[in-house]
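A.B. asks: Give me coordinates for this.
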Amino acid sequence: MLRGLLVGRFQPFHLGHLSAVEHALGMVDLLWLVIGSAQKSHEPKNPFTAGERLEMIKRALDARGIDPRRWHAVPVYDADVHYLWVAQVNMLVPRYDIVLTNDPFTGMLFREHGREVREVPLLNRGELSGTEVRRRIAMDGEWRILVPEQVAAVIDAVDGARRVKMLHAMHDGHGGRYAHRHDG
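C.D. replies: Next comes the predicted model:
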């Protein structure tokens, strides 16, 4: 059985993430989804909690008919020492054979730990990014077309659009100091 690991913050889970998961499941028998920066929420770049992100992922994958026995999500906190982050992932995630990521830094960290790293094709990366989804929410743009409808429903249920707008306004209103002040 080939097991893969896909890392993302999923802030929020969008159609690009869904495409990456479907591609990964075409390569492996079991997929571990690492919900990165799990300790972060209520920040401009990280507005949603790990639990909200997990719910987004589960609802979207269930709606696609993806067998829940083929994937598992594991929230993982950031590590103060980047090199130790992979050891933390290895402590939390059972055995996996390959790491699927397009992030060069993440790939480098896993390669330094002797892991095979493969890239996942990116679907329409210009529009399908968490940054773009959050920007459109903050600016009252059309963001729902970038996420599965189940993700939009989760965002609606937690009043996430209001949260994103408020965090964006607070960050802009303080000249960028808001994020620094609350990251500490």
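A.B. asks: So which residues of this protein form strands?
C.D. replies: Counting by DSSP state E, the segments of the chain that form strands are 3-8, 30-35, 71-75, 98-100, 116-118.
A.B. asks: can you redo these as TSV with mean pLDDT, mean neighbour count and distance to residue 108?
C.D. replies: Placement of C-beta: from N, CA and C, glycine included. Listed next are the strands of the chain as TSV, based on pLDDT from 0 to 100; neighbours: other CB atoms under 10 Å; distance: least, CB to CB, whole Å:
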stretch	mean pLDDT	mean neighbour count	distance to residue 108
strand 3-8	97	22	13
strand 30-35	98	23	16
strand 71-75	97	17	21
strand 98-100	97	22	11
strand 116-118	96	15	8
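A.B. asks: Put together a markdown table for these, with distance to residue 162 on each row.
C.D. replies: Shown next, in a markdown table, are the strands of the chain (distance: least, CB to CB, whole Å):
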| stretch | distance to residue 162 |
| --- | --- |
| strand 3-8 | 24 |
| strand 30-35 | 23 |
| strand 71-75 | 24 |
| strand 98-100 | 34 |
| strand 116-118 | 38 |
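A.B. asks: what's the closest of those strands to residue 144?
C.D. replies: Of all the strands of the chain, the one in closest proximity to residue 144, counting by CB to CB, is strand 3-8 (20.0 Å).
A.B. asks: Residues in contact with the closest one: which ones?
C.D. replies: Here strand 3-8 makes contact (CB atoms under 8 Å, 6 or more residues apart in numbering) with 17, 20-21, 24, 27-36, 89, 93-101, 103, 106, 120.
A.B. asks: angle of that strand against strand 30-35?
C.D. replies: 20 degrees (axes from the mean of the first three to the mean of the last three CA atoms, to 10 degrees).
A.B. asks: Keeping just the C-alphas, turn strand 3-8 into CSV.
C.D. replies: Provided in CSV are the C-alpha atoms of strand 3-8 (Å, rounded to 0.1, in the frame of the first residue of the first chain):
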residue,chain,number,x,y,z
ARG,A,3,0.9,6.2,1.4
GLY,A,4,1.2,9.8,0.6
LEU,A,5,1.4,13.0,2.6
LEU,A,6,0.0,16.3,1.4
VAL,A,7,0.8,19.5,3.4
GLY,A,8,-1.3,22.7,3.3
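A.B. asks: angle of it against strand 71-75?
C.D. replies: Using the same axes, to 10 degrees: strand 3-8 against strand 71-75 is 50 degrees.
A.B. asks: now residue 138, nearest residue through space, not along the chain?
C.D. replies: Take residue 138 and drop its neighbours on the chain: the residue closest to it by CB to CB, 6 or more residues apart in numbering is residue 168, 3.7 Å away.
A.B. asks: and that neighbour, how far is that from residue 104?
C.D. replies: Per CB to CB, to the nearest Å, residue 168 is found 27 Å from residue 104.
A.B. asks: for residue 46, same thing?
C.D. replies: 21 Å.
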